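Build me a model from this:
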Amino acid sequence: MQLSKETVVVLKNFAEINQNLWIDVGNMVHTKAPSSNIYARAELKETFEREFGIYNLGQIVGILGMIDAPQFEVDETSITIGDEKVESVRQPHATKNVLTIPERALNLDVKRAESVIKVLEGTLNKIRSVGKTLNLPHVRFYANDDNQLMAEVFDNGNSSTTRYGMLIGDTVPEGFSYLLKLENLRLIPGPYEIRFYPKAGKFPAAVEFVLLADEMKVTYIVACEIVKTGAPTKVEEAADED
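This next block holds a predicted model:
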């Protein structure tokens, strides 16, 4: 099969989250960060007929970029990427037991979200750009005195550093506050629906980012930081409890 450009974009993005990837039969893929504080899933245009593992996803993405119109084929033992006549690369499958991968799909019930907003691509791009330029590691989404949604880029561990504020404007509940590490916003650029969960299964809070693009269906769940200790929570525990 020839992978669509959208699928290549997803694989490249997932490689930024985790080099390991397990692909099941079908068209859904999901991954998590090794620290378990980021989870992502995507619905691909292609359907895979067999399950297989990739140990170094960055290598696979790199190979896809090196070969013109590459074909992607999977057999019982390996992955082959190449064109029809000149060049190809063959890489053995990775077994599931050597991969750091999600144990199950994570699905949050949007009815339990404290607030749901939509933002344009430029909003999240600006937040991440400010953090990189000013070397600030955190973003906090919170309610101002008028219960309007604000985004503040700052260093949660150093109150004397620069702080950047952006009015997003949606109305949110009084006391609304969600703290994230900017390095965990490893998102494909685009407009997003953002869902804020004050409790997600076994950990205190999480933020879900749903890409609003017809050509790609991608969702991220990012665990919030615990303000009192600074210790991250883990999205591996984010599935709703029975």
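
Tell me which strands the longest strand along the chain pairs with, and in which orientation.
Using DSSP state E, we find that the single longest strand of the chain is strand 38-48. With DSSP bridges as the criterion, the sheet partners recorded for strand 38-48 are strand 26-32 (antiparallel), strand 217-223 (antiparallel).

Could you check which helix or strand contains the residue lying farthest from the centre of the chain?
The outermost residue of the chain, judged against the average C-alpha position, is K85 (36.2 Å), by CA atoms, centre = their mean. Assigned by DSSP states H and E, K85 belongs to no helix or strand.

if I look at it, how far off is Q71?
Counting by CB to CB, to the nearest Å, the separation of K85 from Q71 is 11 Å. In short, each C-beta sits where N, CA and C put it, glycine included.

and if you look at A105?
Noted for A105: a distance of 29 Å to Q71, by CB to CB.

got it, and K5?
15 Å.

Neighbour count for the two, which is higher?
Using other CB atoms under 10 Å as the criterion, K5 and Q71 rank with Q71 on top: 14 against 11.

show me what contacts that one?
Residues in contact with Q71 (CB atoms under 8 Å, 6 or more residues apart in numbering) are 1-2, 80-84.

which residues of this protein score low on pLDDT?
Along the chain, segments meeting pLDDT under 70 span 201-203, 227-242.

Outline the domain layout of it.
Under the assignment automatic domain parsing, the domains of the chain span 5-98, 110-237.

G157: neighbour count?
Using other CB under 10 Å, G157 has 9 neighbouring residues.

OK, contacts around the residue nearest to K12 when sequence neighbours are not counted?
With sequence-adjacent residues excluded and distances taken as CB to CB, 6 or more residues apart in numbering, K12 is closest to V61, at 4.8 Å. V61 is in contact with 8, 11-12, 15, counting by CB under 8 Å, 6+ apart.

By neighbour count, which of those residues wins?
Counting neighbours by other CB under 10 Å, L11 leads the contacts of V61 with 23 neighbours.

Which neighbouring elements make contact with the helix or strand that one falls within?
Using DSSP H and E, L11 sits within helix 5-17. Here helix 5-17 touches strand 21-23, strand 26-32, strand 38-48, helix 57-66, going by 3 or more CB pairs under 8 Å, 6 or more residues apart in numbering; DSSP states H and E.

rerun at 6 Å
Under the contact definition 3 or more CB pairs under 6 Å, 6 or more residues apart in numbering; DSSP states H and E, helix 5-17 sits against strand 38-48, helix 57-66.

Go through those and pick out the most buried.
Greatest average neighbour count among those goes to strand 38-48 (a mean of 19), per mean count of other CB atoms under 10 Å.

if we can go back for a sec, as CSV, the strands paired with strand 38-48 with distance to N158 and mean neighbour count would be great.
What follows is those, written out as CSV (distance: least, CB to CB, whole Å; neighbours: other CB atoms under 10 Å):
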stretch, distance to N158, mean neighbour count
strand 26-32, 29, 19
strand 217-223, 22, 23
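
With distance to T95 added, can I get those strands in CSV?
Listed next are those as CSV, based on distance: least, CB to CB, whole Å:
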stretch, distance to T95
strand 26-32, 17
strand 217-223, 26
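
of the ones you listed, which approaches V207 most closely?
V207 lies closest, by CB to CB, to one member of the strands paired with strand 38-48: strand 217-223, at 5.2 Å.

got the CA coordinates for the closest one in CSV?
Output in CSV follows, covering the C-alpha atoms of strand 217-223 (Å, rounded to 0.1, in the frame of the first residue of the first chain):
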residue,chain,number,x,y,z
LYS,A,217,-9.0,12.4,13.1
VAL,A,218,-6.6,12.8,15.9
THR,A,219,-7.1,13.1,19.7
TYR,A,220,-4.6,13.8,22.5
ILE,A,221,-5.1,13.5,26.3
VAL,A,222,-2.6,15.4,28.4
ALA,A,223,-2.3,14.9,32.1
